[in-house]
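Novice: Sequence and predicted model, in that order:
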Amino acid sequence: MVEWLAVVYDKPNTDRSNVRAQHLADIPAGVKNGVITSAGAIFNEVPKEGSKPNFAGSVLTVIADSKEEALEFLKGDIYAREGIWDLENVLLYPAGLAYRKAKDL
């Protein structure tokens, strides 16, 4: 198994807010089954307290046997199914992360 770093940008003029709650609710299952090792949003600018974030996309690390398998996993996410993520331009790299710090949600 390989750990893959995925950078997935949102397609232009899309609004993830309608399905964000479902996306966030689905993440723990991916962690529990050992596929997702980290996940989070990326922004076009530093979010300001009390204002809506300007999302650029998402970054995840996933465990998969191949790049194709990692991509298939990403295709199952609601952001992909609803046309938010630009999977045609996803960046997928085999990664060797040496350290992780837990973050309370």
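Specialist: That came through fine. If you're wondering where the values come from, they're calculated on a predicted model, not measured in any experiment.
Novice: Now do the strand with the most length in the chain: everything it contacts.
Specialist: If you go by DSSP state E, the chain has its longest strand at strand 55-64. If you take CB atoms under 8 Å, 6 or more residues apart in numbering as the criterion, strand 55-64 is touched by 1-10, 16, 30, 34-44, 70, 73-74, 79, 85-86, 95, 97. Every C-beta, even on glycine, is put in place using the N, C-alpha and C of the backbone.
Novice: Where does pLDDT dip in the chain?
Specialist: Within the chain, the stretches with pLDDT under 70 are 105.
Novice: returning to that earlier point: in strands, which of the contacts of strand 55-64 fall?
Specialist: 2-9, 36-43.
Novice: Out of those residues, who's the most crowded?
Specialist: Within those, most neighbours by other CB atoms under 10 Å means residue 6, with 25 neighbours.
Novice: just the CA coordinates of stretch 23-31, formatted as PDB?
Specialist: Below are the C-alpha coordinates for stretch 23-31, written out as PDB (Å, rounded to 0.1, in the frame of the first residue of the first chain):
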ATOM      1  CA  HIS A  23     -18.600  15.700   2.800                       C
ATOM      2  CA  LEU A  24     -17.500  16.300   6.400                       C
ATOM      3  CA  ALA A  25     -19.800  13.600   7.700                       C
ATOM      4  CA  ASP A  26     -18.300  11.100   5.300                       C
ATOM      5  CA  ILE A  27     -14.700  11.700   6.200                       C
ATOM      6  CA  PRO A  28     -14.600   9.600   9.500                       C
ATOM      7  CA  ALA A  29     -15.700   6.400   7.700                       C
ATOM      8  CA  GLY A  30     -12.700   6.800   5.300                       C
ATOM      9  CA  VAL A  31     -10.400   7.300   8.300                       C
END
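Novice: Which residue is the nearest non-sequential neighbour of residue 11?
Specialist: Spatial nearest neighbour of residue 11, chain neighbours left out: residue 86 (4.7 Å); criterion: CB to CB, 6 or more residues apart in numbering.
Novice: Contacts only, for the one you found.
Specialist: In this structure, residue 86 makes contact with 8, 9, 10, 11, 57, judged by CB under 8 Å, 6+ apart.
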